[in-house]
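Peer 1: After the sequence you'll find the predicted model.
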Amino acid sequence: MKRFDPRTKLALGMMAIASVLFAREPVSLLVEFAIVLSAVPLMGLGRKLLHSVRLIGSMIVFVFIIGFFFFDLQVAGLLSIRLFTLLTVSFIFFYSLDPQEMGDALRKMGISFEFSFILTTAMRYVPMIGKKVRQISDAQQARGIDLRPRIKNISNFIALLMPLLVQSFILADDLALAMEARGFGSKLRKSRKTYHITIIEYALMALSCGSLVAFIWWERG
Amino acid sequence: MATRVRLKRVHYHYPDTKWILNGVDLAIDSGEYTVIFGASGSGKSTLGYLFNGLIPHFFGGTLKGSVTVNGIDTKHTAVSELFSHVGLVIQNSDAQLFNSTVENEIAFGLESLGLSAGEINKRIEDITSALDIADLLERSPETLSGGEKRLVSIVAVFCLNPSVLLLDEPYSNLDWKGIQLVRNLLLQIHQSGKNVVVIEQRMGRFMQDSTRCLIVDQGKIRFEGDSSDAQRILVKEHLVPDYPKRLRQNKLADNDTILATENLSFFIDGNRILKKVSLEFRRGEAVAIVGQNGAGKTTLIKHFNGLLKPTDGKVILQGEDVRGKSPAELARRVGVCFQNPNDQFFKAQVKDELLVGQRILGEKDASGFAEICHVLDLHELLDRSPYRLSEGQKKRVAVASILAMKPDILVLDEPTVGQDGRFKEAIVKILGALENTGITTIIVTHDLDFAQATTDRWIVLHDGQVVADGDPSDIRCDRQLIFKGILDTPAEKMELHAEAQ
């Protein structure tokens, strides 16, 4: 899958996400959940997913609690499974599609270089912003500002947000400068990578698209 | 000899600022290796941005006089045309490396030149095999060490084959191994016939590689000459610090243990960061934790105030295990000031920034506040915005905001990074004054001269383990540590000072 054209990856990823969103019957959701769960170790992503689950775990628990109190146990369970499946599918999608490849795919689809570059660069900086949040949080807690997730600490989070905003602006400024200095605006610019979609990929996309339509048809019954 | 860069009577200011450059005349001939020195705020980076047309095209502002590069007037040429003549490597590696892999990073500029895919791939292959960095190609820039990041930043610009390679503080934030890596690469580039221009504020052995040094002060070139004359002036002008000799404190042996770690180990994702670290700190002691980048120094100090929980072992603060206590609670006892002061500021005025601690403590008494302002010389800054201060001033405010919690132990993480000589001398004085108040200081640094000027005991960390603990002068001359590459050869600064005198 790593060798596919980025446009194929993008299309397959979007269809997989759509299939999770359109699943209505508990049984289809459970089947999708099982498929996704078995795909993760097959792709050797088990440890990486576990690491991410620690981050998104609280969100899934939150959805479960809300679902349980406002509806019932079954709804709460299905909501959590849907969210987990959706996040795992997105995780596999972003893992197999390098941001740069995504930019290339978008460009091939007629989106301007500037726009696709901004989008992929934003993706590239997400982990760095995450690291920055941890650094700021450490620095503020070290001077006595309590940033543990408690209701009484809500007003303290301005101490996290302000430095993050200011530093994101500084980073954006430096980034613009570095890009400009490496010819971002050059009219001569050409991408070095050439992509083409193979017949197998076309067939796979057609098959997936057909299955998705059939699945939605069956679900709507 | 052809003139690569020529500046004639250049005056410049950014939009809405006072004049930054005040009449600069400069000619850089082909084959020169030039070092431009200056304290923070002297205008040295601004001078560099003129070379590739970022001034005036990117920054705006008002430019008087003329700047030509390879005979091209930069005022009338776009940056996207000048970048193949002057390659710029900025200080901020996170911004400089904006692609997802090292290979894409190197390819980016080549794509901007409009080269064919075959030519781009060939250049990448040639340069990476010549510099023996082919194993980095697949890696994401985030996973590189500080030295490797700087190396890739330089390679990604050098492969464009510019006639002038301009680097803004390429040695900042690197330990001595990283410095050596970058220094060798720049020498190689210079020997290949390129012009190298390094903008710096710290003195180092790299000066010996240069053919000419300039010193910029208040927007003017104050000095032009060879490196030995420049060293003399830099020492005299306090652009490099001249620390007073430290008087050792010997009376601490009987003091009680204020902080201790017992078999402290820490793992992240199965990787060992710290291994069985057992240490004791006595009340009133001044200790430095030294070692290369990545040795585990910052990870260790994050255990002192509960920001990290040990995987194994414990941290005992004033006789009590810190497990289960929040960092905010512990801040009253252990104040940790991290490297980047910008991580702390969120108020409009310095005064409010400092009062955060006092509010947390619920104190009404302003005498502590006045004392901190006095020791750190902050009275004139109180009404100013913390964001608009110089780097040295920011650092002072950051330290003050930690001291506002009245901790018994002050931990400073790399206090000298990005600071000029004047600030380093000032912080040595401040630490001296704080020592008199009885506070225990722990300084994490790879600046060994600074560590020698401020502490009486060194703990050397390497690969997450304590490999030496004792008297600074013994450790600094420890041939084993130097041989294993854990510490730099001693007294670089002393050699330079001696040469200068």
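Peer 2: That came through fine.

Peer 1: which ones are touching the nearest residue to A:N156 once chain neighbours are set aside?
Peer 2: Closest residue in space to A:N156, ignoring its immediate chain neighbours: A:I145 at 5.3 Å, by CB to CB, 6 or more residues apart in numbering or on different chains. (Glycine included, C-beta is placed from N, CA and C.) Going by CB atoms under 8 Å, 6 or more residues apart in numbering or on different chains, A:I145 touches A:N156, A:A159, B:A328, B:V356, B:I360.

Peer 1: The spatially most central residue of chain A sits in which helix or strand?
Peer 2: Closest to where the C-alpha atoms of chain A average out (CA atoms, centre = their mean) is A:S90, at 5.0 Å. According to DSSP states H and E, A:S90 maps onto helix A:73-96.

Peer 1: counting contacts, what elements does that helix pack onto?
Peer 2: Secondary-structure packing of helix A:73-96 (3 or more CB pairs under 8 Å, 6 or more residues apart in numbering or on different chains; DSSP states H and E): helix A:6-22, helix A:26-42, helix A:46-70.

Peer 1: Of the ones you listed, which is nearest chain B?
Peer 2: Chain B sits nearest to helix A:46-70 of all the helices and strands packed on helix A:73-96, at 7.0 Å, using CB to the nearest CB.

Peer 1: ok, and what's touching the closest one?
Peer 2: A:40, A:75-77, A:79-80, A:83-84, A:87-88, A:91, A:95, B:269.

Peer 1: Filter the residues you listed down to the buried ones and hand me the PyMOL line.
Peer 2: With 16 or more other CB atoms under 10 Å in any protein chain shown as the criterion, this PyMOL line picks the buried residues out of the contacts of helix A:46-70:
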select buried, chain A and resi 40+76+77+79+80+83+84+87+88+91
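
Peer 1: Next, format the contacts of helix A:46-70 as a markdown table and append pLDDT.
Peer 2: Converted to a markdown table, the contacts of helix A:46-70 look like this (pLDDT from 0 to 100):
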| residue | pLDDT |
| --- | --- |
| A:V40 | 85 |
| A:V75 | 88 |
| A:A76 | 91 |
| A:G77 | 90 |
| A:L79 | 90 |
| A:S80 | 91 |
| A:L83 | 91 |
| A:F84 | 90 |
| A:L87 | 89 |
| A:T88 | 89 |
| A:F91 | 86 |
| A:Y95 | 81 |
| B:D269 | 77 |
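
Peer 1: burial count for A:D72?
Peer 2: By other CB atoms under 10 Å in any protein chain shown, 10 other residues sit near A:D72.

Peer 1: got the phi/psi numbers for it?
Peer 2: Backbone torsions for A:D72, taken as degrees, to the nearest 10, come to phi -150, psi -180.

Peer 1: any weak-confidence spans in the chain?
Peer 2: No chain in the question, so chain A it is. A:1-2 (pLDDT under 70).

Peer 1: wait, I meant chain B there
Peer 2: Those would be B:1, B:249-253, B:364-365, B:483, B:489-501, if you go by pLDDT under 70 across chain B.

Peer 1: Let me see the domain layout of it.
Peer 2: As assigned by automatic domain parsing, chain B contains the domains B:3-236, B:241-327+B:446-501.

Peer 1: Nearest to B:L381 among the ones you listed would be which one?
Peer 2: Between B:L381 and the domains of chain B, the tightest spacing by CB to CB is seen for domain B:3-236, at 14.7 Å.

Peer 1: quick one: is the closest one near chain A?
Peer 2: Yes: Domain B:3-236 is in contact with chain A by CB under 8 Å from any CB of the partner chain, via B:52, B:54, B:58, B:78-81, B:83-84, B:87-88, B:90, B:92, B:94-96, B:98-101, B:104, B:107-117, B:120-121, B:142, B:156-157, B:160.

Peer 1: how is chain A carved up into domains?
Peer 2: Annotated domains of chain A cover A:1-97+A:199-221, A:99-190 [automatic domain parsing].

Peer 1: which one of the ones you listed is the most hemmed in?
Peer 2: With neighbours defined as mean count of other CB atoms under 10 Å in any protein chain shown, the domains of chain A peak in mean count at domain A:99-190, which reaches a mean of 17.

Peer 1: if we can go back for a sec, how about the domains of chain A in CSV, adding distance to B:D352?
Peer 2: Shown next, in CSV, are the domains of chain A (distance: least, CB to CB, whole Å):
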stretch, distance to B:D352
domain A:1-97+A:199-221, 33
domain A:99-190, 12
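
Peer 1: what number of residues lie near the closest residue in space to B:H57 that isn't next to it in sequence?
Peer 2: Closest residue to B:H57 apart from its sequence neighbours, by CB to CB, 6+ apart: B:V79 at 5.2 Å. B:V79 has 24 neighbours, counted by other CB under 10 Å.

Peer 1: residues touching B:V79, list them.
Peer 2: Contacts of B:V79 by CB under 8 Å, 6+ apart are A:E180, A:A181, A:G183, A:G185, B:N52, B:G53, B:L54, B:H57, B:F58.

Peer 1: Among those residues, which one lies nearest to A:V27?
Peer 2: Set against A:V27, the nearest of the contacts of B:V79 by CB to CB is A:G185 (54.0 Å).

Peer 1: ranking the domains of chain B by burial, who's on top?
Peer 2: By mean count of other CB under 10 Å, those have domain B:3-236 as the most buried, with a mean of 19.
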